[in-house]
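**Q** Any chance you can model this:
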Amino acid sequence: MNPHRASLLLTTLVSAIMLNLASCTPTPTETVRLRILHTSDVHGHVLDALPRVAAYAEACRAELGRDHVIMTDGGDVLQGHPAAYYYNFVDTASRHIVAETMNRIGYDVAVIGNHDLETGHDVYDRWISECDFPVLGANVIDERTGEPYLKPYEVIECEGIRIALLGLLTPAVPNWVPKPFWEHLRFEDMVECARKWIPIIQEQEEPHLIVGVFHSGINEDQGIQTDDYCENESRLVAQQVSGFDLILYGHDHRRHIERVMTPDGDSIYCIGPTSTGTCICEINIEVQVKRRAGESPRVMCYKIEGKVVDMKDAIDAQAVADSLWFPEASAAVKAYMAEPVGMITSTLHERNAFFGPSAFMDLIHDLQLELSQGAVISFAAPLSFDATIEQGMTHISDMFALYKYENLLYTMRMTGREIRDFLEMSYDLWTNTMTRADDHILLMDSILDGGKRLGLRNMAFNFDSAAGIRYTVDVSKPDGQKVTILSMEDGEPFEMDKEYLVATNSYRGNGGGELMTRGAGIALNELPKRVVACSDHDLRYLLIETLRQRGSFSPRTRSNWRFIPDEWAPAAVARDREILFTTNATTQP
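**A** Alright, predicted model coming up:
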């Protein structure tokens, strides 16, 4: 062989071997750090609470890089605070302050909540259009097209890592929100909807991680359950639908972290942050990837760790207060809240409502009876836990303390037996069954400060009392046997088989809290047939306008019901009042 040709062949062979060895050299693994920050149930606290969340988010972005921090919200942001109400219904020409605030913070996605829907199409459609990020809701279906009314999911990419976020809403909306507010919409079961969309996302988007962003509580055994849907399905989705790597949820106002076993035998985090922006969920994700030039990153493995961060501990309040956001909007809301309404001749304390008739609740009862279409009985519950309305001139701000939600006023038909059974369920949620004199009269559990302090076992907004009838609540009797209705308040007989007109709010009248359904025994599909009249405006608006027209109001306590037995109840009331309001007032639902 020609020596030159042999030398060339040898050189080519060595080069080929070296290239092959180079291609077999392991590609180094790279770690990509991501962080998801999740809020939920902010309930309109955008000017006072979200600036602190924003400061925390900016600190995270400074640490990891702006593109490495993803911000999500779990819904119920449009209702519950005067700032949201003002831009929902008073100033509808300006850009919505909730959208403006969330845009400024830099949210990447949000999911619609049931309280967002109760503002009505005009409000939430406007808010969605002004958000610089998608508002998700895969199971919110437009009946006119059969397609999702909102964007089902969003894909966010960071350093080639693709994260898909699927948004779902509790399907129990019809139990709380009047139909006109969600006209043309229906709500699919979350489990079935997730089963449909996960394969679509996997096939079309090829994500490395799939995150559920849900407005639905964690505990399927609590909340509304019917043959058609379950209110709280977040854990059920994790347990029954393959494909999720993480679920962020809201709706139940619970600060909660749980690892849930999936159908594949893995476990994933389900995390909820509680409400009003006081806490956020922080999820840290470390992704091990291999990269080759011209190719998408290959994810080898990832680690997810989650925690709930208390904003008051993490961010200095004064630093946030010193940098006022949207000063014109803040001034407008402040001026609105300061508008005078009318005189009240004595101070009203909501805390009294837990222990018997109170002037606070009876003001609401009186106005509901006055403004309804012929109702002779009223149902109402404490909504803010420990509000106080001071004697003297009241202002719009006081009306938000008096009535927290934008419920409508319903007039409904109920039989005497249904009324009694309704109250039985209310007081079963409200009161303990005392077996001796030193028992609690309220139904409480060690649920505060990690089990160190007593709090109410159930939500106080389901503790309905009644006006228009005289009755006793015997707390020594078992559940279902506590309430005895003595007569109408004017002394006329109360009859179990007679039909009465009852004033209540739309949340209750649509089945909220299940007092009408599980309590009174009225079928859910029967409730709309029982509604005789519905107000055009929310109850707070009606209360404001009535007090304005009247000029002054002298609250009274009806004294139409009481706890018995007399030898136990007064002392038990005094003990539980001390427990509930000496140290626990600001931590109750």
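**Q** just checking, Ile485 is part of a helix?
**A** No - going by DSSP: H, G, I helix; E, B strand; the rest coil, the assignment for Ile485 is strand, not a helix.
**Q** which SSE is the nearest residue to it once chain neighbours are set aside in?
**A** By the measure of Cβ to Cβ, 6 or more residues apart in numbering, the closest residue to Ile485 outside its immediate chain neighbours is Tyr471, 4.5 Å from it. Using the backbone N, CA and C atoms, a C-beta is placed for each residue, glycine as well. If you go by DSSP states H and E, Tyr471 is part of strand 469-474.
**Q** CA-only coordinates of that strand, as PDB, when you get a sec.
**A** The C-alpha coordinates for strand 469-474 follow below in PDB (Å, rounded to 0.1, in the frame of the first residue of the first chain):
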ATOM      1  CA  ILE A 469     -91.700  33.700  64.800                       C
ATOM      2  CA  ARG A 470     -91.100  32.900  68.400                       C
ATOM      3  CA  TYR A 471     -89.000  29.900  69.200                       C
ATOM      4  CA  THR A 472     -86.600  28.200  71.600                       C
ATOM      5  CA  VAL A 473     -83.400  26.300  71.000                       C
ATOM      6  CA  ASP A 474     -82.900  23.500  73.600                       C
END
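**Q** What pLDDT does the model give the residue nearest in space to the middle of the chain?
**A** Centre of the chain computed as the mean C-alpha position; nearest residue by Cα atoms, centre = their mean is His251, 3.2 Å away. Here the pLDDT value assigned to His251 is 96.
**Q** And it, how far from Ile268?
**A** Using Cβ to Cβ, to the nearest Å, His251 is found at 19 Å from Ile268.
**Q** Does Asp73 touch Leu37 like I think?
**A** No - at 9.6 Å, Asp73 does not count as touching Leu37 under the criterion of Cβ atoms under 8 Å.
**Q** the more surrounded of these two?
**A** Asp73 (32 against 25; other Cβ atoms under 10 Å).
**Q** got any ranges where the stretch 51-200 of the chain has weak pLDDT?
**A** Within the stretch 51-200 of the chain, no stretch falls below the threshold (pLDDT under 70).
**Q** again, only using 90
**A** Across the stretch 51-200 of the chain, the ranges flagged by pLDDT under 90 are 175.
**Q** tell me the strands in it, going along the chain?
**A** All strands of the stretch 51-200 of the chain, identified by DSSP state E, counting those that start in this stretch, fall at 69-73, 109-111, 135-136, 140-142, 147-148, 153-158, 161-169, 185-187.
**Q** Tell me how far the strand holding Tyr471 lies from the chain's centre.
**A** 33 Å (Cα atoms, centre = their mean, to the nearest Å).
**Q** What strands line up against that strand, and which way round?
**A** Strand 469-474 has its sheet partners listed here by DSSP bridges as strand 483-488 (antiparallel), strand 561-564 (parallel).
**Q** Highest mean neighbour count out of those?
**A** Between these, strand 561-564 has the highest mean count of neighbours, a mean of 18, where neighbours are mean count of other Cβ atoms under 10 Å.
**Q** what's the average pLDDT for that one?
**A** Mean predicted confidence for strand 561-564 is 98.
**Q** again, but for stretch 283-292
**A** 91.
**Q** coming back round to it: these two touch, right, the residue nearest to Ile485 and Glu489?
**A** No - using Cβ under 8 Å, Tyr471 is not in contact with Glu489; the gap is 9.8 Å.
**Q** Now do the shared contacts for those two.
**A** Common neighbours of Tyr471 and Glu489 are listed as Asn560 (criterion: Cβ atoms under 8 Å, 6 or more residues apart in numbering).
**Q** Okay, now the unreliable bits of the stretch 401-550 of the chain?
**A** For the stretch 401-550 of the chain, the stretches flagged by pLDDT under 90 are 445-455.
**Q** residue ranges for the strands of it, please.
**A** For the stretch 401-550 of the chain, the strands defined by DSSP E, counting those that start in this stretch occupy 408-415, 444-448, 453-456, 465-467, 469-474, 483-488, 499-505, 531-538.
**Q** Residues contacting the last one, please?
**A** Read it as strand 531-538. With contact meaning Cβ under 8 Å, 6+ apart, strand 531-538 is reached by 178, 371-374, 405-413, 501, 506, 509, 542, 545.
**Q** quick one, it and strand 408-415 angle?
**A** 160 degrees (axes from the mean of the first three to the mean of the last three Cα atoms, to 10 degrees).
**Q** How many residues are close by the residue lying closest to Cys60 once chain neighbours are set aside?
**A** Spatial nearest neighbour of Cys60, excluding adjacent residues (Cβ to Cβ, 6+ apart): Val69 at 4.9 Å. When counting by other Cβ under 10 Å, one arrives at 23 neighbours for Val69.
**Q** quick one: contacts for Val69?
**A** Here Val69 is in contact with 34-37, 57, 60-61 (criterion: Cβ under 8 Å, 6+ apart).
**Q** likewise Lys303?
**A** 285-286.
**Q** which element follows the helix or strand harbouring it toward the C-terminus?
**A** Using DSSP H and E, Lys303 sits within strand 298-310. Per DSSP H and E, the first helix or strand lying C-terminal to strand 298-310 is helix 311-314.
**Q** which of the residues in that following helix are buried?
**A** Of all the residues in helix 311-314, those buried under the rule 16 or more other Cβ atoms under 10 Å are Met311.
**Q** contacts for that helix?
**A** Contacts of helix 311-314 (Cβ under 8 Å, 6+ apart): 49, 52-53, 56, 277-280.
**Q** pLDDT on that helix, on average?
**A** 89.
**Q** May I have that helix exported as CSV, CA atoms only?
**A** This file holds the C-alpha atoms of helix 311-314, laid out as CSV (Å, rounded to 0.1, in the frame of the first residue of the first chain):
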residue,chain,number,x,y,z
MET,A,311,-47.1,37.8,54.3
LYS,A,312,-47.1,39.7,57.5
ASP,A,313,-44.0,37.8,58.6
ALA,A,314,-42.3,37.9,55.2
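**Q** distance between that helix and the chain's centre?
**A** 21 Å.
**Q** do stretch 338-357 as well
**A** 26 Å.
**Q** Scan the contacts of Val69 and report the most crowded one.
**A** That'd be Ile36 among those, by other Cβ under 10 Å, with 27 neighbours.
**Q** Now that residue: which helix or strand?
**A** Counting by DSSP H and E, Ile36 is found in strand 29-39.
**Q** what's the spacing between the residue nearest to Gly160 when sequence neighbours are not counted and Leu165?
**A** Nearest residue to Gly160 in three dimensions, chain neighbours excluded: Pro297, at 4.2 Å (Cβ to Cβ, 6+ apart). Here Pro297 is placed at a distance of 19 Å from Leu165 (Cβ to Cβ).
**Q** If you count surrounding residues, which of these two has more?
**A** Leu165 (26 against 18).
**Q** so what's Asp421 up against?
**A** With Cβ under 8 Å, 6+ apart, Asp421 has these contacts: 519-521.
**Q** can I get those in TSV with distance to Glu30 and neighbour count?
**A** Formatted as TSV, the contacts of Asp421 follow (distance: Cβ to Cβ, whole Å; neighbours: other Cβ atoms under 10 Å):
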residue	distance to Glu30	neighbour count
Gly519	58	22
Ala520	61	22
Gly521	62	14
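**Q** And the contacts of stretch 126-134?
**A** Under Cβ under 8 Å, 6+ apart, the answer for stretch 126-134 is 78, 92, 95-96, 98-100, 102-103, 107-110, 116, 135, 150-151, 154.
**Q** Now, of the residues you listed, which are buried?
**A** Using 16+ other Cβ under 10 Å, the buried ones in the contacts of stretch 126-134 are 78, 96, 98-100, 102, 107-110, 116, 135, 150, 154.
**Q** for the residues you listed, which one is nearest Phe187?
**A** Nearest to Phe187 among the buried ones among the contacts of stretch 126-134: Leu150, at 11.4 Å, using Cβ to Cβ.
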